[in-house]
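[1] Show me the folded form of this:
(2 chains)
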Protein chains: 2
Amino acid sequence: MTHLPVLLEEQDLAGALEWLETQPPYAIADEIARMDAVESVITFRLLDKDRALEVFEELDPVDQQQILEGLRDQAFRDLVEHMDPDDRARMLKEAPAKVAQRVLAGLSAHERQMTAALLGYPEGSVGRYMTPETVALQQDLTVGQALEVVRRRGAQAETIYTLPVVDAGRRLTGIVELRELVLSEPRAMVSDLVETAPPMARATDRAEDAARLMRETNVLDLPVVDSEERLVGLLTSDDAFEVIEAADTEDVARQSGAEPLERHYMSVSVFRMSRVRVMWLMLLMVAATLTVSVTQMFEDELNEVTQLALFVPLLIGTGGNSGAQAATAAVRALAVGEVRTSDLLRVIWRECRTGLLLGCMLAVVGLFVGALFVGWDIASVVAVTLVVICAWASTVGGTMPLLAKKLRIDPAVVSAPMVTTLVDATGLVIYFTTAKIVLGV
Amino acid sequence: MTHLPVLLEEQDLAGALEWLETQPPYAIADEIARMDAVESVITFRLLDKDRALEVFEELDPVDQQQILEGLRDQAFRDLVEHMDPDDRARMLKEAPAKVAQRVLAGLSAHERQMTAALLGYPEGSVGRYMTPETVALQQDLTVGQALEVVRRRGAQAETIYTLPVVDAGRRLTGIVELRELVLSEPRAMVSDLVETAPPMARATDRAEDAARLMRETNVLDLPVVDSEERLVGLLTSDDAFEVIEAADTEDVARQSGAEPLERHYMSVSVFRMSRVRVMWLMLLMVAATLTVSVTQMFEDELNEVTQLALFVPLLIGTGGNSGAQAATAAVRALAVGEVRTSDLLRVIWRECRTGLLLGCMLAVVGLFVGALFVGWDIASVVAVTLVVICAWASTVGGTMPLLAKKLRIDPAVVSAPMVTTLVDATGLVIYFTTAKIVLGV
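    Residues are numbered from 1 along each chain as shown, chains lettered A, B, ... in the order given. Model prediction:
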């Protein structure tokens, strides 16, 4: 059980200091992320200098920014100077102009230059997430010489486990792992250990694609090059992990018809939380007026057989669920690379059969439920509708994410609610039309 | 564009061989995962021995097993002997008894022992994913001596970047990174470089928790100990990544009311695809019969004001969407550790206000939509219902995942469809009751 917020509320500073001393940096960062602006700055100021830096590195960009705004110049400069260039660039991206200026002004020339370079890459690109601080090797070194280079320049680099190998023009020719160097004879040649044509990325590529490539190829770090194949940095696995986690969080939020929160769930305001949700909710409600029109179209049939109204929520609910399952499966399969847009026809065929099979199973149950409440005639309408609605919803749900991707829209915006709303209106048409045919109303 | 399936279909072996030679192992594995059993074995047999092993390592357990079933004894033994012990254990877990026996019989005594040890840990535990092949150091070595140990024993180990430090009883006392060793003077003492009390896990802990801890603490590898704090292995980042990816895929599937597919989306059969979806679909449909009962309860009101039926899909749809947003946000926040079960009351308060705010915004639009179709009296019923339904749905949606976790159920089973179905029935009660009060029917 955590006590920090309680200790702060009771103004028990000695207790708070003791708590902070016994906790690891990530746990402190976790508490700070849950606090409001004032509490988080107070907590942060209680940390001694070294711990402060460690905790600061664990925080998300928004929280880092909040803390910087509350610090005096010297402490501010110390923190900012010690951040990794890629973390700094990402924080600056989201900071208000005032804070950004203060950050850049506080930096040494070398650090400022690196940060400016990273900020030159487009948002969401590999360039924003890579570390420019690498130890690059020349191919004609011996292992012993290479290890000497690593020893001399390694302290500056974010990682020394993956060592890019470059030619005289700084063009990437391969990579060598520190593991290989350490396990080889000092007189062996680096050129014999180089992995040529390793997986790599352009700095302007989408960071998510590069991170997924790292997952597929199981590499620790991915070399990043510019448009002329010159080495500009390394994408490390922890940054790749962060990219994928953020992309998954975004997918998950969009799948439920919302945008991702910009910050920690527990510290975001109710107003901001509503803002990320209201747009889709509003759009979908307006789209749902289609169901009002459809029901109005069939008002005569509904007045004649009022019991038809009983099954409307069940039928459109089931159709929506079936469509949501298919859409979610397709979005995830696209995200992890199992499905490509060229698979469109195969996915349609697959989901259509799956939907038919599911619809038939549900129809058996639906028939008896219907018979229980009303009678065999309406029950048979319900059963037939279930088969058609499931096949239709699965097909639409499975297909739309692929179509979205073809149109270069994020497939995840084809959310479960969107498919549900779409299927609701068509489901009503299917239901009432089946009723007209079967019952002859 | 890939040509392999086309080449195989046309029986163009020379073309297929050329394609296989030019592609990296992960791309070949990707193609194999999309194939049926016969095609995948044919493709695999076309690979030369070294490439075959590389490709094999990239495959998922189910696909590995499929290929093993199609191989003759010698090739079989070679492949299995070279797998990492943790990959082998995971494949065996899913293999039929016949294959599992053949695998164990084909192993050398040393490998068999390691695999058996991993299989002794419960499913989904850290023990199933860790590598037992580590290079452990003693604290009293110099850096030079430590590097000598790494050189001698490193070739066997899955990673040498994180070196666990143990005492005479093999109890873990800390870790030292290879980076530190390489960058230090050979005469420095390992004891001065050790990070004591590093993040660690028990072999019986849930693998997902350990992997999330690695994310939070940004460590490359996590030392794993037994119940007596003795070192038993390391959880490497690529395995942690795999664990989190699988957990996220499971969450995503469950959120849409389905179980995760056991294998690649494009190669799983329609029958299996239906099986992972039918259970929830069926349960939810049966639960949805509640909406039939509720509508029946209010049949008199519905007969009196038939226009009320027009707005049923729109209202329960919007309520469902709002609940789904809240549930999805809560499930994700729980998964990444932003929300804890002890936050229950704060989450209720947060989601209730968010829902009210959203409901008020939607009510304004709903009022005009309603007036457009019917008239101000029913429109005002629609507006009031929207406010109440959104507040209620958000609260239920945000709370249920936390309650599930308290009851030790996977929060992700509180799927969007489940919340939707729940909110459908209560939404109808809210709607018809509001109508009774406002319209006085």
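
[2] What segments of the stretch 301-441 of chain A are helices?
    For the stretch 301-441 of chain A, the helices defined by DSSP state H, counting those that start in this stretch cover A:312-335, A:344-373, A:376-406, A:416-439.

[3] Could you check how far A:Leu141 is from A:Leu315?
    71 Å (Cβ to Cβ, to the nearest Å). (Glycine included, C-beta is placed from N, CA and C.)

[4] out of those two, which sits in the busier spot?
    For A:Leu141 versus A:Leu315, neighbours defined as other Cβ atoms under 10 Å in any protein chain shown are more numerous around A:Leu315 (25 against 18).

[5] Contact partners for that one?
    With contacts taken as Cβ atoms under 8 Å, 6 or more residues apart in numbering or on different chains, A:Leu315 has the following neighbours: A:382, A:385-386, A:389, A:427, A:431.

[6] Can you give me the domain boundaries for chain A?
    Using automatic domain parsing, the domain parsing of chain A gives A:4-124, A:137-255, A:285-439.

[7] In a markdown table: those, plus mean pLDDT.
    Output for the domains of chain A, formatted as a markdown table (pLDDT from 0 to 100):
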| stretch | mean pLDDT |
| --- | --- |
| domain A:4-124 | 82 |
| domain A:137-255 | 92 |
| domain A:285-439 | 89 |
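
[8] and A:Glu262, which of these is closest to it?
    Between A:Glu262 and these, the shortest separation by Cβ to Cβ is 6.2 Å, and it involves domain A:4-124.

[9] Flag every buried residue along stretch A:434-441.
    Applying a neighbour-count criterion of 16 or more other Cβ atoms under 10 Å in any protein chain shown, one finds A:434-435, A:438 buried in stretch A:434-441.

[10] er, stretch A:409-426 I mean
    A:410-426.

[11] how about it, does it get close to chain B?
    Yes: for stretch A:409-426, a contact with chain B is found by Cβ under 8 Å from any Cβ of the partner chain, at A:416-417, A:420-421, A:424-425.

[12] got it, and stretch A:210-229?
    Yes: Stretch A:210-229 lies within reach of chain B by Cβ under 8 Å from any Cβ, at A:215-218, A:220.

[13] Restricted to helices, list the residues you listed.
    Within those, residues falling in helices by DSSP state H are A:215-217.

[14] among these, which ones are buried?
    By neighbour count, with 16+ other Cβ under 10 Å, these hold A:215-216 as buried.

[15] touching chain B at all, stretch A:257-269?
    Yes: using Cβ under 8 Å from any Cβ, stretch A:257-269 reaches chain B at A:257-258, A:261, A:264-266.

[16] Pull the distance from the host helix or strand of A:Val38 to the chain's centre.
    In the assignment (DSSP states H and E), A:Val38 maps to helix A:37-45. Taking Cα atoms, centre = their mean, to the nearest Å, the mean C-alpha location of helix A:37-45 is offset from the chain mean by 28 Å.

[17] Tell me which stretches of the stretch 101-250 of chain A form strands.
    Under the criterion DSSP state E, counting those that start in this stretch, the stretch 101-250 of chain A contains strands at A:137-138, A:162-166, A:172-177, A:195-196, A:201-202, A:221-225, A:231-236.

[18] Need the residues that contact the first one.
    The set of residues external to strand A:137-138 that reach it, using Cβ under 8 Å, 6+ apart, is A:146, A:149, A:163-168, A:176, A:190.

[19] Now render the strands of the stretch 101-250 of chain A as JSON lines, adding mean neighbour count.
    Formatted as JSON lines, those follow (neighbours: other Cβ atoms under 10 Å in any protein chain shown):
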{"stretch": "strand A:137-138", "mean neighbour count": "19"}
{"stretch": "strand A:162-166", "mean neighbour count": "24"}
{"stretch": "strand A:172-177", "mean neighbour count": "22"}
{"stretch": "strand A:195-196", "mean neighbour count": "12"}
{"stretch": "strand A:201-202", "mean neighbour count": "20"}
{"stretch": "strand A:221-225", "mean neighbour count": "25"}
{"stretch": "strand A:231-236", "mean neighbour count": "25"}
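
[20] would TSV of these with distance to A:Arg128 be doable?
    Converted to TSV, these look like this (distance: least, Cβ to Cβ, whole Å):
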stretch	distance to A:Arg128
strand A:137-138	26
strand A:162-166	19
strand A:172-177	20
strand A:195-196	26
strand A:201-202	12
strand A:221-225	11
strand A:231-236	10
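
[21] of all the residues of stretch A:210-229 next to chain B, which two lie farthest apart?
    For the residues of stretch A:210-229 next to chain B, with distances taken as Cβ to Cβ, the pair at the greatest spread is A:Glu216 and A:Leu220 (13.6 Å).

[22] List the residues that contact A:Gly319.
    With contacts taken as Cβ under 8 Å, 6+ apart, A:Gly319 has the following neighbours: A:389-390, A:392-393, A:420, A:423-424, A:427.

[23] one more time with 6 Å
    Contact criterion Cβ atoms under 6 Å, 6 or more residues apart in numbering or on different chains gives A:389, A:393, A:423, A:427 as the residues in contact with A:Gly319.

[24] Just give the closest residue to the first one, not the sequence neighbours.
    So the one you mean is A:Ile389. Leaving aside its chain neighbours, A:Ile389 sits nearest to A:Gly319 (4.0 Å; criterion: Cβ to Cβ, 6 or more residues apart in numbering or on different chains).

[25] So what's the residue count around the nearest residue to A:Ala435 once chain neighbours are set aside?
    By the measure of Cβ to Cβ, 6+ apart, the closest residue to A:Ala435 outside its immediate chain neighbours is A:Val381, 4.9 Å from it. Neighbours of A:Val381 under the rule other Cβ under 10 Å: 25.

[26] just checking, A:Val381 touches A:Val438?
    Yes: the pair A:Val381 and A:Val438 passes the contact test of Cβ atoms under 6 Å, sitting 4.9 Å apart.

[27] and A:Pro132, what pLDDT?
    Model confidence at A:Pro132, expressed as pLDDT, equals 90.

[28] contacting residues around it?
    Contact criterion Cβ under 6 Å, 6+ apart gives A:85, A:114, A:233 as the residues in contact with A:Pro132.

[29] Once you drop chain neighbours, what's closest to it?
    The spatially closest residue to A:Pro132, leaving aside those adjacent along the chain, is A:Gly233, at 4.5 Å (Cβ to Cβ, 6+ apart).

[30] which non-adjacent residue is nearest A:Gly154?
    If the residues on either side of it in the chain are set aside, A:Gly154 comes closest to A:Ile160, at 4.4 Å by Cβ to Cβ, 6+ apart.

[31] wait, what's in contact with that neighbour?
    Neighbouring residues of A:Ile160 by Cβ under 6 Å, 6+ apart: A:135, A:150, A:154, A:178, B:179.

[32] Do I have it right that the third one meets B:Ser184?
    Yep, that's A:Gly154 we're talking about. No: under the contact definition of Cβ under 6 Å, A:Gly154 does not touch B:Ser184, with a separation of 10.5 Å.

[33] Which one's more surrounded, the two?
    For the pair A:Gly154 and B:Ser184, the greater number of neighbours falls to B:Ser184 (20 against 17), based on other Cβ under 10 Å.

[34] Chain neighbours aside, what residue packs nearest to that one?
    Taking Cβ to Cβ, 6+ apart, and ignoring the residues beside it in sequence, B:Ser184 has B:Val143 as its nearest neighbour in space, at 4.8 Å.

[35] where does the residue nearest to A:Gly154 fall, phi/psi-wise?
    The main-chain torsion angles of A:Ile160 are listed as degrees, to the nearest 10 and equal phi -120, psi 10.

[36] And it, how far from A:Leu181?
    Noted for A:Ile160: a distance of 10 Å to A:Leu181, by Cβ to Cβ.

[37] Same check on A:Pro199?
    With distances defined as Cβ to Cβ, the gap from A:Pro199 to A:Leu181 amounts to 20 Å.

[38] So for those two, which residue has more residues nearby?
    Taking A:Pro199 and A:Leu181 together and counting by other Cβ under 10 Å, A:Leu181 has the greater number of neighbours (22 against 17).
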